[in-house]
Every structure is written in C-alpha cells, then in structure tokens.
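Colleague: Any chance you can model this:
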Amino acid sequence: MERLVTSNLKLGIIAGGQLGKMLIQEASKWDIITYVLDHDEDCPAGSIASHYIKGSNVDFDSVYQFGKMVDVLTFEIENVNIEALKKLKSEGQRVVPDPEILELIQDKGLQKEFYKKNGIPTSNFRIFESENAILNAIDKEEISFPFVQKLRRGGYDGRGVAVIDGKNGLIKLLMGASVIEDKVDIEKEISVIVARNKKGEIKCYPVVEMLFDPHANLVDKLICPSSITVEQSEKAVNLASEIIELLHMEGLLAVEFFIDNKGEVIVNEVAPRPHNSGHHTIESIITSQFEQHLRAILNLPLGSTKLKLPSVMINILGADGYEGRAIYEGLTESMAIDGVKIHLYGKKITKPYRKMGHVTVLSTSLECALKKAETVKQLIKVKSWKENHQTL
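Modeller: Next up is the predicted model:
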C-alpha cells in the first residue's frame, strides 16, 4: 500500500463538513489529492480540498459519478446513498468503511439487533414501524414510561430522538419507523474511538467523558482522561475492540456508551467515521483521529494513541437568538490563555446551537484544564452581523 501515499493518490470524501475539512488537513501532509462531494459550495472542506464537486450525498448519480473519479472513497457522514456505494464496490472501487457496514449502522434498528445477536450489552429495545404502532403498544401496556424513541434512520446530533417521560410527553412522539428503548438511568456518558486496518491491527484511544448541553442536546464538554474506574474503562475499550472486529471493519469507529446508576457499561450507538468526541486528539494524543482514519483505510500501521496531556474540549455553538453571517467574540481573550487551541470550521452562516468550531484546552492537570475551559466557554460567543453592517 506504500504507493498509495503519494501525490498520485486520489482520496474522495463524501460530504464536506468540518470532519471532512480536518481529514483533508491531515491528508495534505502526505501530499494526497483530495476530492470532496457536497451540495454546498461554501462547505468547510470545499475551500481546502484539491477538487470540490457539487452534488448530493444521498443522490445515486452524484455519489456514483464522484466515486469513479477517485482511488479510495470514504465519508464523513452516515447519510450516504448506499446503492451507489454498493455498485462502486462491485465494480472494484475501494470504499472504506465497507458499504454493508454503513448500511447496518445507518439503521438504528439493525444496529441494536447486531448488539443483541452478538451479546453486546445495550438497553432493552423494541422496533416499531410507525407512530400508531407505538401508541397501540402503549395502550396495551406493552411499553411503559419513561422510554426513548429513536428514528431508525436520519437522526444525528440529538435530532430524531425523543425522550417520553409520561403520557403528556406523547406530543413529542416522532413519525416514522423507530426503535423504542428503555430509558437508562445514566450516571455518565463516555466514548471510545477505535481503529482497525485491513491487516486486523486494532488500536483504541483513551476513554473520554462527555458532558451534554441539555438545551442543544449536544456535547458541552469532552474530558480526557475520564473519571471512570479502571474496570469500566477496560470494559469500554474491550467492547469497542470487539465491535470493530465483529464488523470486520476498516477505518475509524466511534462507540458511545452509557454508564448506568449500577455502574454497568452499556453501548448506546456507533458512528463509522471521525467523531466529535475525538477532536481533542488533534493536540492531546500522539496520533489524531483524522490521521488514524487515513492510516486505517489505507492499510498503514496504526499510530500511537498515547495521551500527551490531559485535555478538555468544548464545542463552539451558534448563540441562541442569532442567525446570519457569523461574527466571533472573545477569540483574542481566549488565545491569551495558555494551552488554548481554537478551531473554526469556516461556516459562513450561524444558527442557534450550530457547531461552528471547537476549542481544546491542554494542561498538566485536568482540574486546571477544566477551569480554563469554563473561562473560554464564557468568553467565546458566535453571533451574527446586523443588516446595517456593510463590511466585516
């Protein structure tokens, strides 16, 4: 595979969001030619890719024709036209991770059945084809409150999920085929990112702890290393390794877990790509998740996942009440704080709670990193320009 890491290799990335942008930043270090497919000409990855191709990630022809342009095809989003990927694979195109794995993970029902079949601990669940079927099951007392509804397809970043605590909450019920899960009494939420290459080499990153913004239902802070027990950490790492091995997957897999009030480690869901819970690896780990993804899909030796320094990552979200051309406040003040690393994704338009960037705070102690991260969180605000602003 050494010949692939040259200026002749054409790497295609489906979707051009911030994950694609950061993947391209790593690929450029190896002089890889990068192609990105996205419907938005102003997408974050479009400005730095070698070639931007306008098209939809869910359109068969767009994905198929894009795949014919490159040597290796990957993606930064799950919502991709599977039939196009399967056709490309059947014609000898290298698509990684494999389309069949993506197809399984796209469907939260199939994902849960995979865990059940393979004895992977996860919350109890049932699958329903419609909103009416769920309501009928409630009437028959086959479903008890509280429960969590997840649409089988299309949900991400908290979308497509409804927490139903009682009958009054049924107005939040979502329409469509769904997975109904028992609501877990959550003590902590953690994530493990694991990589595997074609040779079968597997490496896991240290467990990270995720704290969520209750309003945005997005990660508020990401803490590495986590505060869980050694036994819990080992179990999470072992489960992540087991899942990627069972899938025979090449690439990067983010595995999100719940730790319940009894201390049990339970798989929530997975994502077959670089992930928000791995952004801190750019500065705090010897090999970033983006470099590791490239190593895995090109069947290169996997890099070290050793922690360099404790870190806290915070998402930079669009402020509530602001929509329009983005303006950032507090960047200069934040940069004056030792150990603060700011990443702006280049999204031109801000919306409430839209991911506009992230900040990783490094320190010799986690306590110090947490204090600095809280200061940065209060400093940085993403607002929008008023109509009477003619220039930046």
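Colleague: How is this protein divided into domains?
Modeller: Per automatic domain parsing, the structural domains of the chain span 2-95, 124-182, 186-384.
Colleague: Export the ones you listed as CSV, with columns for mean neighbour count and distance to L104.
Modeller: The way it works is simple: take the backbone N, C-alpha and C, and place the C-beta from them, glycine included. Output for the domains of the chain, formatted as CSV (neighbours: other Cβ atoms under 10 Å; distance: least, Cβ to Cβ, whole Å):
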stretch, mean neighbour count, distance to L104
domain 2-95, 19, 10
domain 124-182, 15, 12
domain 186-384, 19, 8
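Colleague: a markdown table for those domains, including distance to L102 and mean pLDDT?
Modeller: What follows is the domains of the chain, written out as a markdown table (distance: least, Cβ to Cβ, whole Å; pLDDT from 0 to 100):
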| stretch | distance to L102 | mean pLDDT |
| --- | --- | --- |
| domain 2-95 | 7 | 94 |
| domain 124-182 | 12 | 92 |
| domain 186-384 | 6 | 96 |
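Colleague: Select, out of these, the one closest to D107.
Modeller: For those, the distance to D107 is smallest for domain 124-182, at 5.2 Å, taking Cβ to Cβ.
Colleague: hang on, the earlier thing: TSV please, covering the domains of the chain and showing distance to Q111.
Modeller: Formatted as TSV, the domains of the chain follow (distance: least, Cβ to Cβ, whole Å):
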stretch	distance to Q111
domain 2-95	11
domain 124-182	8
domain 186-384	6
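Colleague: do you know which of the ones you listed lies nearest K108?
Modeller: Each of the domains of the chain has some distance to K108 by Cβ to Cβ; the shortest is domain 124-182, at 5.0 Å.
Colleague: V161 reaches G154, doesn't it?
Modeller: No: assessed by Cβ atoms under 8 Å, V161 is found out of contact with G154, at 10.9 Å.
Colleague: Contacts only, for the residue nearest the centre of the chain.
Modeller: Nearest residue to the geometric centre of the chain (Cα atoms, centre = their mean): H275, 3.0 Å. Shown in contact with H275 (Cβ atoms under 8 Å, 6 or more residues apart in numbering): L19, S191, I193, L252, A254, Q289.
Colleague: Okay, and which of those residues map to strands?
Modeller: S191, I193, L252, A254 (DSSP state E).
Colleague: nearest spatial neighbour of the first one, skipping sequence neighbours?
Modeller: Taking Cβ to Cβ, 6 or more residues apart in numbering, and ignoring the residues beside it in sequence, S191 has S277 as its nearest neighbour in space, at 3.8 Å.
Colleague: can you tell me which residues contact that neighbour?
Modeller: Counting by Cβ under 8 Å, 6+ apart, S277 touches S191, I193, V208, M210, V219, L222, A254, E256.
Colleague: quick one, longest helix in this structure?
Modeller: Counting by DSSP state H, the longest helix found in the chain is helix 230-246.
Colleague: who does that one touch, helix- and strand-wise?
Modeller: Packing contacts for helix 230-246, counted by 3 or more Cβ pairs under 8 Å, 6 or more residues apart in numbering; DSSP states H and E, involve strand 186-196, strand 202-204, strand 251-260, strand 265-271.
Colleague: Show me what the second one is in contact with.
Modeller: Taking Cβ under 8 Å, 6+ apart as the criterion, the residues outside strand 202-204 that touch it are 192-196, 237, 240-241, 244-245, 292, 302-303, 305.
Colleague: can you map out the helices along the stretch 251-392 of the chain?
Modeller: Using DSSP state H, counting those that start in this stretch, the helices of the stretch 251-392 of the chain run over 281-284, 289-297, 331-335, 366-379.
Colleague: Would you mind measuring from S365 to E374?
Modeller: The gap separating S365 from E374 is 14 Å, by Cβ to Cβ, to the nearest Å.
Colleague: same check, this time on E250
Modeller: Applying Cβ to Cβ to E250 and E374 gives a distance of 39 Å.
Colleague: Check E367 too.
Modeller: For E367, the distance to E374 - Cβ to Cβ - is 11 Å.
Colleague: quick one: V36 is in a strand?
Modeller: Yes: counting by DSSP: H, G, I helix; E, B strand; the rest coil, V36 is located in a strand.
Colleague: can you tell me which residues contact it?
Modeller: 12-13, 15-16, 20, 24, 43, 45-46, 49, 51-53 are the contacts of V36 under Cβ under 8 Å, 6+ apart.
Colleague: hey, what's it bridged with?
Modeller: Listed by DSSP bridges, the beta-bridge partners for V36 are I13, Y52.
Colleague: contacting residues around E329?
Modeller: L379, I380, K381, V382, K383.
Colleague: make it 10 Å
Modeller: Going by Cβ atoms under 10 Å, 6 or more residues apart in numbering, E329 touches A319, L379, I380, K381, V382, K383.
Colleague: same deal with T305?
Modeller: The contact partners of T305, by Cβ under 10 Å, 6+ apart, come to 193-195, 203-206, 281, 285-287, 289, 292.
Colleague: Once you drop chain neighbours, what's closest to it?
Modeller: With Cβ to Cβ, 6+ apart, the residue lying closest to T305 is Y205, at 4.7 Å.
Colleague: Need the overlap of contacts for V161 and G154.
Modeller: With Cβ under 10 Å, 6+ apart, V161 and G154 have common neighbours K108.
Colleague: where along the stretch 1-150 of the chain do the helices fall?
Modeller: Going by DSSP H, counting those that start in this stretch, the stretch 1-150 of the chain shows helices at 18-27, 60-67, 82-90, 99-106, 108-117, 131-139.
Colleague: Just read off the phi/psi values of the nearest residue in space to L9 that is not next to it in sequence.
Modeller: Closest residue to L9 apart from its sequence neighbours, by Cβ to Cβ, 6+ apart: I32 at 5.0 Å. In terms of degrees, to the nearest 10, the main-chain angles of I32 are phi -90, psi 140.
Colleague: That'll do, ta.
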